[in-house]
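Give me a 3D structure for the following:
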Amino acid sequence: MSKVFSALSVSVDGYITGRDPAPGRGLGDGGMLFDWYFDGDVPSRVFDSFRLSEPSARFFDDAAARVGASVAGRNTYEDSDRFGDDGTPHPAAPLFVVSHRPAPRMTGDRQRLITTGLADAVAAAREAAGDKDVALMGGVLVTEALKAGLVDELILHQVPVLLGAGRPYFHGLPEHVRLRLLEAVPAPGVTHLRYEVVR
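Residues are numbered from 1 along each chain as shown. Modelled structure (predicted):
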């Protein structure tokens, strides 16, 4: 059965955007969280424009190759300018956007709006992913998926910076979520941490 996971770049103090993320402005001053995508000389096998360090390329491409569908929250969708002309965050996977109100101008033919909740979005993404995995995007969405018991793994691309403010990776949880470290890969400008959610 496919797994559901999240893989986000995060500051040491837990933020996935800078102070003023907004449509048209991207991630605010949190753009530095993604410098490691372009600071190496190894081309990604999955994302044509990425040039990563050797350890980052190995880790990142292994995770990206797992993705058969993505699920994003409304804020992530809009802050990312609806993922540009292609309309998806992954070159080979459809996108499911969770929103309780219609999204303005869905772009691309590989996007689908889900207004009936996160569980339905994950179920639709699992079906679309086939034997591949489902990637979750957005702090609120990941937190809600953790509350619902839908997450199998968390990947933190931890960047050595304290942003001080922004959108956090994790929001309030009603109880502890235990994690088991599966992999830790230090790389220039980032440490890749892969955790299993313990049930």
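
going forward, measure contacts and count neighbours with C-alpha atoms only.
Will do.

where along this protein do the helices fall?
With DSSP state H, the ranges of helices along the chain come out as 54-65, 74-79, 118-129, 139-147.

would a markdown table of the ones you listed with distance to Val12, mean neighbour count and mean pLDDT be doable?
Shown next, in a markdown table, are the helices of the chain (distance: least, CA to CA, whole Å; neighbours: other CA atoms under 10 Å; pLDDT from 0 to 100):
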| stretch | distance to Val12 | mean neighbour count | mean pLDDT |
| --- | --- | --- | --- |
| helix 54-65 | 18 | 18 | 96 |
| helix 74-79 | 20 | 21 | 74 |
| helix 118-129 | 28 | 19 | 95 |
| helix 139-147 | 15 | 20 | 94 |
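
export the ones you listed to a markdown table and tack on distance to Val4?
Listed next are the helices of the chain as a markdown table, based on distance: least, CA to CA, whole Å:
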| stretch | distance to Val4 |
| --- | --- |
| helix 54-65 | 12 |
| helix 74-79 | 18 |
| helix 118-129 | 8 |
| helix 139-147 | 9 |
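
Ser2: which of the ones you listed is closest?
Checking the helices of the chain against Ser2 by CA to CA gives helix 118-129 as the closest, at 6.9 Å.

Hmm, Val4 is touching Met137, no?
No: Val4 is beyond contact range of Met137, at 10.9 Å (criterion: CA atoms under 8 Å).

thinking again about what came up before, between the helices of the chain, which gets nearest to Ala165?
Set against Ala165 and scored by CA to CA, the helices of the chain come closest in helix 139-147, at 13.7 Å.

Could you name the helices and strands sitting against the closest one?
Here helix 139-147 touches strand 67-73, helix 118-129, going by 3 or more CA pairs under 8 Å, 6 or more residues apart in numbering; DSSP states H and E.

thought Arg180 was touching Ile155?
No: between Arg180 and Ile155 there is no contact under CA under 8 Å: 11.5 Å.

Identify the contacts common to those two.
Taking CA atoms under 8 Å, 6 or more residues apart in numbering as the contact rule, Arg180 and Ile155 both touch Tyr195.

okay, these two: which has more neighbours?
Ile155 (21 against 12; other CA atoms under 10 Å).
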